[in-house]
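What follows is a predicted structure for the sequence shown.
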Amino acid sequence: MAGKAARSKGQLEAQVLGALWDAETAVTSHALLETLSDDIAMTTLLTVLSRLTEKGLVERLDGEGRSLLFKATKSREEYAGEQLLKIVEGTDNPAIAFAHFAKGLDAASLKALRDSLG
């Protein structure tokens with residue numbers, strides 16, 4: 001298990017997003033904490049959820065009583081697609097970047113890519 005010092009902010013954000021995507025419906029911070037590793041404090045989780053909300057990746061909803069619910073604003077696939085676009089936009093030659101990307105795909109993923117392009 002990775003300790004607090006070994007985990008970066010980005011890794012923790014990714015863990016939280018992953019747990020929200022796996023939940024499929026809005027969840028409380030307590031329910032979310034139960035699915036994450038034991039070494040995450042509630043205050044840390046709430047800070048991460050707040051940052052993800054500011055980034056537009058998480059939506060905060062009113063729950064029962066004073067509780068809050070959290071859910072991802074985008075699917076895992078939408079988020080991954082946006083990240084790929086950001087990477088490609090940062091290159092001088094997107095065609096070469098796409099070619100290198102496609103070389104790394106297995107046959108099933110390459111077929112899925114071709115099918116998605118029409």
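Perfect, thanks for sending it.

how near is the spatially most central residue of the chain to residue 113?
Nearest to the geometric centre of the chain sits residue 17, at 4.0 Å (CA atoms, centre = their mean). Distance from residue 17 to residue 113, counting by CB to CB, to the nearest Å: 23 Å. C-beta: built from backbone N, CA, C; applies to glycine.

and if you look at residue 52?
28 Å.

More neighbours: the two, which one.
More neighbours surround residue 52 than the other of residue 52 and residue 113, with 20 against 13 (other CB atoms under 10 Å).

and that one, what does it touch?
Shown in contact with residue 52 (CB atoms under 8 Å, 6 or more residues apart in numbering): 13, 16-17, 58.

which residues does the residue nearest to residue 75 when sequence neighbours are not counted contact?
Closest residue to residue 75 apart from its sequence neighbours, by CB to CB, 6 or more residues apart in numbering: residue 21 at 7.1 Å. Contacts here follow CB under 8 Å, 6+ apart; on that basis residue 21 touches 72, 75-76.
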